[in-house]
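K.L.:
got a predicted model here, sequence first, then my questions.
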Amino acid sequence: MNARQSDYRLTVEIRQVSDAVSCIFSSLLLHRTLGKFQYKNETNFSLGSIGIEEVDCDTIDLSYSGSSRRTPVGSPSPSETAVPMICAQIGLEFYQKSPKRGIFYQTNDQATWEKWNLILDIFKVNSIDDFGRLRESVGESIGEIVLKICSQINRNQYMPKMPNKGAIGDVFETQFSDCQPYLFKVVRQPGTCGSSVTPQTLSFYKLGRMLKDVAFS
């Protein structure tokens, strides 16, 4: 299966990473989440409603809508005093399972059908005034990205077909009690973008830890 892919790039201050990723990925997940399936028989079902809440960002002048099932993540609290430009990539991938059965085994291959990549150029400022200006400018940039996502995600394009009751776990995440997003995974790829960028104070390990904290449940 050829997965469609969309890439976005955003420049943020290091304290804005969690808010930025949470805002963009929550918007994506909201569009890729359905209410809880209530099956009447193997093929007929009805859908429950999705609880929506508005979340205010701590480090960006922006609020966004997300499923009330989403667990907000806190902003990172790095102790670095000077961080040069560092690039990291974090992606949200939607996939479906393809069961394969043999005489003595059964496996589930994962077929990714949609990828959303967010490339982050991360730096740090020490001035309160500079950070205040970034709160507004980064918010505007994220707003533009979300509008582009809404335009792309509503196009007539491939989506996994609605499964029978016995195969719902091959397409949707079933662990939540009140909603069912399409199966997804967060892919984190901390690292530099280009040979001219040399991370000094902020190590790859710390950046990886920071991206690891950005998760949804």
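P.N.:
Okay, I see it.
K.L.:
and residue 55, how far is that from residue 128?
P.N.:
24 Å (CB to CB, to the nearest Å). C-beta: built from backbone N, CA, C; applies to glycine.
K.L.:
and these two? Which one has more around it.
P.N.:
The residue with more neighbours, out of residue 55 and residue 128, is residue 55; 17 against 7, by other CB atoms under 10 Å.
K.L.:
what helix or strand does the more buried one sit in?
P.N.:
strand 52-56 (DSSP states H and E).
K.L.:
do me a favour and average the pLDDT over that strand.
P.N.:
Mean pLDDT, strand 52-56: 88.
K.L.:
report all helices and strands that that strand contacts.
P.N.:
helix 17-31, strand 63-67 (3 or more CB pairs under 8 Å, 6 or more residues apart in numbering; DSSP states H and E).
K.L.:
could you say what helices and strands the longest one packs with?
P.N.:
Counting contacts by 3+ CB pairs under 8 Å, 6+ apart, helix 17-31 is packed against strand 4-13, strand 52-56, strand 63-67, strand 86-101, strand 106-123, helix 128-153, helix 204-212.
K.L.:
and the ones you listed: which comes nearest residue 165?
P.N.:
Among those, the nearest to residue 165 by CB to CB is strand 86-101 (15.0 Å).
K.L.:
follow-up on the earlier one: can you list the strands that the strand holding residue 55 pairs with?
P.N.:
Paired strands of strand 52-56, with direction, are strand 63-67 (antiparallel) (DSSP bridges).
K.L.:
and residue 173, its phi and psi?
P.N.:
Main-chain torsions, residue 173, degrees, to the nearest 10: phi -80, psi 120.
K.L.:
what's the answer for residue 155, then?
P.N.:
According to degrees, to the nearest 10, residue 155 has phi -70, psi 160.
K.L.:
just the pLDDT at it, thanks.
P.N.:
Per-residue pLDDT puts residue 155 at 85.
K.L.:
tell me, how many residues neighbour it?
P.N.:
By other CB under 10 Å, neighbour count at residue 155 equals 7.
K.L.:
could you measure it against residue 112, distance?
P.N.:
In terms of CB to CB, residue 155 sits 18 Å off from residue 112.
K.L.:
so which residue is dead centre in this protein?
P.N.:
residue 25 (3.1 Å; CA atoms, centre = their mean).
K.L.:
I figured it hits residue 93, correct?
P.N.:
No. Under the criterion of CB atoms under 8 Å, residue 25 makes no contact with residue 93, lying 11.1 Å away.
K.L.:
need the overlap of contacts for these two.
P.N.:
116, 186 (CB atoms under 8 Å, 6 or more residues apart in numbering).
K.L.:
low-confidence bits of the chain, can you list those?
P.N.:
1, 68-84, 101-106, 189-217 (pLDDT under 70).
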